[in-house]
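Engineer: Okay, structure incoming, though there's no sequence with it:
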């Protein structure tokens, strides 16, 4: 469901912030998020079914699927029933997940039998993808600070058959006292102001404020620094958000680079219309350009 135009009048500070980021693209962005053109994505759970078999099953039920740049992901052009209420969904054959949301785990690309930390994991979309990419080997330590959100995480881990996942409920920035330089890979998909999801979650326009952005940026920095300290030498870390504000993206990365001495690794081009961020090597995904959620991704490697 697209955001209604009436929401554009309810939070002028939000729309001013978006205009500052997008400049001449602002009007095109508004047209996109207020139109019904967005179509959702699903990810085949390769722990239980092949993408080809999933496509055959769903298309036999009247779904119309389109391939994407990821071999296990489809764009759903038509769905005759609710995607969360099919037998295939119940069995954990697929996860309803935006294409941009799949990219942080995909780009982290953990090797089988490795140790991976997902520091802010709920509700489990990226956790279960990491598990699938590793073929249920090694260990994914899926942590979240919220008990309520962790319940959804546990449900999704069980539904998807992710047997190599350990769930933790703890403040992510405090885990470092137990796991310093312990993980081969770390994903910091940080809590954020969610501006990139406005076309799906219009309620963001009702609560968003510059004060929230500043608060989130402080949390994001702490999580990123903690994740870095828990990463082994030679390991890889991906930082991502589903927002487009500078303060929560490049602003956090700039401070992190300045104070940690980390090495920024250019994020490979995906090829769906993304653009380079204000920091060379980072990537921004805008809904009107990529037909996805708004996203930001940066990647680091520890010497």
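Structural biologist: Good, I have the coordinates. These numbers come from a predicted model, not from an experiment.
Engineer: quick one, longest helix in this protein?
Structural biologist: helix 210-230 (DSSP state H).
Engineer: Counting by contacts, list what that helix packs against.
Structural biologist: Contacts defined by 3 or more C-beta pairs under 8 Å, 6 or more residues apart in numbering; DSSP states H and E place helix 210-230 against helix 12-22, helix 176-179, strand 183-189, strand 231-241, helix 250-260. The way it works is simple: take the backbone N, C-alpha and C, and place the C-beta from them, glycine included.
Engineer: Which among these is found nearest to residue 96?
Structural biologist: Nearest to residue 96 among these is strand 183-189 (16.8 Å), distances taken as C-beta to C-beta.
Engineer: Look at residue 200 and report its pLDDT.
Structural biologist: Residue 200 carries a pLDDT value of 89.
Engineer: how many neighbours does it have?
Structural biologist: The number of residues packed near residue 200 is 17, by other C-beta atoms under 10 Å.
Engineer: Equivalent analysis for residue 164, please.
Structural biologist: 20.
Engineer: how far away is it from residue 127?
Structural biologist: From residue 164 across to residue 127, the span is 10 Å (C-beta to C-beta, to the nearest Å).
Engineer: where do the contact lists of these two overlap?
Structural biologist: Common neighbours of residue 164 and residue 127 are listed as residue 140 (criterion: C-beta atoms under 8 Å, 6 or more residues apart in numbering).
Engineer: got a list of contacts for the helix or strand residue 101 falls within?
Structural biologist: Secondary structure from DSSP states H and E places residue 101 in helix 99-108. With contact meaning C-beta under 8 Å, 6+ apart, helix 99-108 is reached by 41, 43, 68-70, 73, 75, 116, 125-126, 129-130, 133, 185, 187, 189, 196, 236, 238, 240, 242, 267-268, 270, 272, 285, 290-295, 297, 299.
Engineer: what mean pLDDT does that helix have?
Structural biologist: 98.
Engineer: which residue lies farthest from the center of this structure?
Structural biologist: For the chain, the residue at maximal distance from the C-alpha centroid (C-alpha atoms, centre = their mean) is residue 60, at 29.9 Å.
Engineer: Can you report how many residues lie near the residue lying closest to residue 179 once chain neighbours are set aside?
Structural biologist: The shortest distance from residue 179 to any non-neighbouring residue, by C-beta to C-beta, 6 or more residues apart in numbering, is to residue 230 (4.7 Å). For residue 230, the neighbour count with other C-beta under 10 Å is 24.
Engineer: can you start the count at 58 instead of 1 from here on
Structural biologist: Got it, first residue is 58 now, which makes that one residue 287.
Engineer: per-residue pLDDT, residue 63?
Structural biologist: pLDDT, residue 63: 65.
Engineer: scratch that, residue 58 is what I was asking about
Structural biologist: Confidence score, pLDDT, at residue 58: 53.
Engineer: Residue 203: what's it in contact with?
Structural biologist: 179, 226.
Engineer: My error: substitute residue 114 in the last question.
Structural biologist: 106, 145, 150.
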